[in-house]
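S.K.: give me a model of this one.
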Amino acid sequence: MAAGGFCKLPTGSVVVALNLPRPATDGTGSVRVLVHAHNRARALTRLRNLGMRAVYLRGNAAPPTPDEITAVLHHPDGLIWRTAPDNGVPVPGVELPQELWHPIRALRRRPAAAP
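M.R.: Residues are numbered from 1 along each chain as shown. Now for the predicted structure:
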């Protein structure tokens, strides 16, 4: 279902990256979520505690990049997201404008209703 992976850091902690369907939409689009935690189980527990109950990490097909690891380590919550590419795979030679990382509370927030 979701591509994901992890990277163990020299300190013993891990960074877990998951591509998940975007919540509160018609099923189109996905987001890349990064979690910094003591171990993989705790990282997934952090997401499940936020209401993402069906989150699993199977394999290590899409581990976090060095830039992603830096971003999550420098965020005070250690839990960030941004929109994932449409197919989840970057195209070589094509530089897409990169969206900034958002705190997880921005993903969980519902959009305001139009007047």
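S.K.: so which residues of this structure form strands?
M.R.: 4-8, 14-21, 30-37, 79-83, 102-103 (DSSP state E).
S.K.: could you tell me the least trusted of these?
M.R.: Mean pLDDT across these is lowest at strand 102-103; the value there is a mean of 86.
S.K.: how many residues are close by the closest residue to residue 34 other than its chain neighbours?
M.R.: Nearest non-adjacent residue to residue 34, counting by CB to CB, 6 or more residues apart in numbering: residue 72, 4.2 Å away. Heads up, the C-betas are built off the backbone N, CA and C, glycines and all. When neighbours are counted by other CB atoms under 10 Å, residue 72 registers 22.
S.K.: quick one: contacts for residue 72?
M.R.: 15, 34, 35, 36, 64, 78, 79, 80, 101 (CB atoms under 8 Å, 6 or more residues apart in numbering).
S.K.: gap between residue 77 and residue 104?
M.R.: 7 Å (CB to CB, to the nearest Å).
S.K.: quick one: which of the two has more around it?
M.R.: residue 104 (21 against 12).
S.K.: next one, pLDDT for that one please.
M.R.: 83.
S.K.: next: the one 5 residues further on.
M.R.: Reading off the per-residue confidence, residue 109 sits at a pLDDT of 58.
S.K.: repeat that for the one 3 residues further on.
M.R.: Predicted confidence (pLDDT) at residue 112: the value is 49.
S.K.: list phi and psi for residue 62.
M.R.: Backbone torsions of residue 62, given as degrees, to the nearest 10, read phi -130, psi 70.
S.K.: quick one: it from residue 76, how far?
M.R.: Distance from residue 62 to residue 76, by CB to CB: 25 Å.
S.K.: so which of those two has more stuff around it?
M.R.: Taking neighbours as other CB under 10 Å, residue 62 and residue 76 compare with residue 62 leading, 18 against 6.
S.K.: kindly check the end-to-end length of stretch 15-30 for me.
M.R.: By CA to CA, to the nearest Å, the extent of stretch 15-30 from end to end equals 19 Å.
S.K.: now stretch 67-81
M.R.: 13 Å.
S.K.: hmm, back to that, next, format the strands of the chain as JSON lines and append mean neighbour count and distance to residue 68.
M.R.: Converted to JSON lines, the strands of the chain look like this (neighbours: other CB atoms under 10 Å; distance: least, CB to CB, whole Å):
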{"stretch": "strand 4-8", "mean neighbour count": "18", "distance to residue 68": "9"}
{"stretch": "strand 14-21", "mean neighbour count": "22", "distance to residue 68": "6"}
{"stretch": "strand 30-37", "mean neighbour count": "22", "distance to residue 68": "6"}
{"stretch": "strand 79-83", "mean neighbour count": "19", "distance to residue 68": "9"}
{"stretch": "strand 102-103", "mean neighbour count": "14", "distance to residue 68": "13"}
